[in-house]
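[1] Pasting a predicted model and its sequence here:
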Amino acid sequence: MSDLHLYNSYTRQKEKFEPSVPGHVGLYVCGPTVSGESHLGHARPYITFDVVYRYLTHLGYKVRYVRNITDAGHFEEEGREAEDKVAKKAQLERLEPMELVQKYTNLYHWGMHMFNNVNPSIEPTATGHIVEQINMIQDIIAKGYAYEVNGSVYFDVKKYAEKYPYGKLSGRVLDDLLETTRELDGQEEKRNKVDFALWKNAPPEHIMRWTSPWGEGFPGWHIECSAMSSKYLGTTFDIHGGGMDLLFPHHESEIAQSTIAHGHAPVRYWMHNNMITIDGRKMGKSYNNVIKLTELFSGNHPMLEQAYHPMVIRFYILQTHYRSTLDFSNESLQASERAFRRLWEAYEVLHKLQHPGNAEAGDPTLDAQVKTWCTECKEFMDDDFNTAKVIANLFELAPIVNSIKGGQIAQTALSAETFKLLQETFKVYLEDVLGMQALQVQQSDKLDKVLMLLIEMRKEARTRKDFATSDQIRNKLAEAGVLLKDEKDGSVSYTIE
RNA sequence: GGUCGGAUGGCCGAGUGGCUAGGCUCAGCUCUGCAAAAGCUGCUACAGCGGUUCGAAUCCGCUUUCGACCUCCA
């Protein structure tokens, strides 16, 4: 079906992708914790895996894409803060926990929409799957790999590691973890400090709580993903994605839980995107250097020189391979904005071009080159989703499109077949696979008519050589954010900033 | 401290041992009443030092340096 190869974090090498059920793909991506607003760093995995989903779909796979929402506040595993994040903030803001969850869920969905991310097939919530999580925990206890203490349940990592390769995904060595000198509170209940919570007893002040066989409490941090992914994708599914910072302990724990519960490893291909950095540092809550999406889109942040359109952010992210770090700066975002504008305008030009229909290429060398650039796009995507290279090729093609329009290249230079391929390539990769869309929404007919009137008046002034008037129209429109372009053929087009 | 990953031209970034990625910026030119847009041309870099090789940005070693994870984190 395809030649797709992807880098599997588990084996640390590129592997040929073969789904366990031919023609179908199960894709699970770690979604947000809706206790706060999404920031630029969060945008990366969602855009990265949106492209993964789009490309798999493009290849003809039937993909079930599951992306969870963590709406049950979790303790830190060692309970250092011993506070439920959601519950705490709810008190500060005097909101019901679920009200807060709803607010940030809505905001998150808005952000996803702005980025033109496709909705997942299923978007399960942690609070909606408490029963599944409890069942899974009971199963793990029954199999002897978890123990209850004071209403909390912990996973016995040391015992697990005796039979299974604990730490393989994240490159941890159990003995090293056990030797770590770091002392954390709330460890006394555990048999070993490496153990992690499956279920936590809820102290009286804790707002979010559910009845369980071990008393009132709430699920541990890692169990929801295991419970929900197996429910909707089966106990073995194809791709699990998330940020690199989730490798440990989150994904390592998921593997351990699921392996005990189901008797085998849950995931066939693990994919992890790298971080977005700012001044060379990971953008994250702990560094206090986040730029929220609302700030990014509005420009309302001390570090921002301007507002950035969601499509500019998307383009900027896709210009870099997903496993490389990507450094934020105004300069690079502005470069992305200019670049994307140019590319998208070429795409619009390509839309309008008509090919004369010659079957033979007038310029066989160019024809062959264009064909190569077009077909390479698939090879690049097949090579671990190399969107950067795809974009580079589209930029190779853009001047050709513009030159056909501008007359520097003859209309007949390309064969009809190649021209069609060129149009399809832009459509498929820029729109369908990379998920890009226009920066500006469609203009209303009324505005268009008004502008056409002004353009017509300017044209008349120019024929009279009344350049004072024509320039005035152009300059005033420019001040209003409407840029006029005199085309080679005498027509005039406009773009609205 | 442990584990892992980076260091590429003015900036951002891709790179599968040999064949200039690409973008942005900048300069010149073409087109244009002027501009903008577009097109063309120019700008050959791979942290340092060794090694392997006919040939290294790419492989190996060391050094310098930055970062990620080890704790909630995309």
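    Received, thanks. Numbering: from 1, shown residues only, chains lettered A, B, ... in the order given.

[2] Name the next helix or strand downstream of the longest helix along chain A, please.
    Among all segments of chain A classified by DSSP state H, the helix with the greatest residue count is helix A:330-352. Next in sequence after helix A:330-352, counting helices and strands by DSSP states H and E, comes helix A:364-382.

[3] List the buried residues of the longest helix of chain A.
    By neighbour count with 16 or more other CB atoms under 10 Å, helix A:330-352 contains the buried residues A:333, A:336-337, A:339-341, A:343-347, A:349-350. C-beta here means a position set from N, CA and C on the backbone, and glycine is covered the same way.

[4] what's the closest of those residues to residue A:469?
    Ranking these by separation from residue A:469, with CB to CB as the measure, puts residue A:345 on top at 27.7 Å.

[5] what's the closest one in contact with, if anything?
    The neighbours of residue A:345, taking CB atoms under 8 Å, 6 or more residues apart in numbering as the test, are residue A:495.

[6] May I see the buried residues of stretch A:302-322?
    Residues A:304, A:308-322 are the ones in stretch A:302-322 that count as buried (16+ other CB under 10 Å).

[7] ok so, going back, show me which of the buried residues of helix A:330-352 neighbour RNA strand B.
    Of the entries in those, those that also sit close to RNA strand B under the rule CB under 7 Å from any atom of the strand are A:336, A:339, A:345, A:346.

[8] does RNA strand B sit close to stretch A:300-310?
    No. Under the criterion of CB under 7 Å from any atom of the strand, RNA strand B is not reached by stretch A:300-310; the shortest gap measures 13.2 Å.

[9] Also stretch A:418-427?
    No. Using CB under 7 Å from any atom of the strand, stretch A:418-427 never reaches RNA strand B; the gap is at least 13.6 Å.

[10] Identify each buried residue in that stretch, please.
    For stretch A:418-427, by 16+ other CB under 10 Å, it's A:418, A:419, A:421, A:422, A:423, A:425, A:426.

[11] The residue lying closest to residue A:212 once chain neighbours are set aside: which element?
    Sequence neighbours aside, residue A:134 is the residue nearest to residue A:212 in space, at 5.4 Å (criterion: CB to CB, 6 or more residues apart in numbering). In this assignment (DSSP H and E), residue A:134 forms part of helix A:130-142.

[12] which two in the ones next to RNA strand B among the buried residues of helix A:330-352 are spaced the farthest apart?
    When those are compared pair by pair using CB to CB, the two farthest from each other are A:336 and A:346, 15.6 Å apart.

[13] Would you mind listing the outside residues contacting the helix holding residue A:134?
    Helix A:130-142 has contacts (CB under 8 Å, 6+ apart) with A:72, A:126, A:146-148, A:153, A:155, A:198-199, A:210, A:212-213, A:219, A:223-224, A:226-228, A:230-231, A:257, A:260-261.

[14] Stretch A:250-267 now?
    Stretch A:250-267 has contacts (CB under 8 Å, 6+ apart) with A:10, A:28, A:30, A:136, A:139-140, A:143, A:145, A:155, A:157, A:160, A:164, A:166-167, A:169-170, A:172, A:196, A:198, A:221-223, A:225-226, A:229-230, A:235-240, A:242, A:270.
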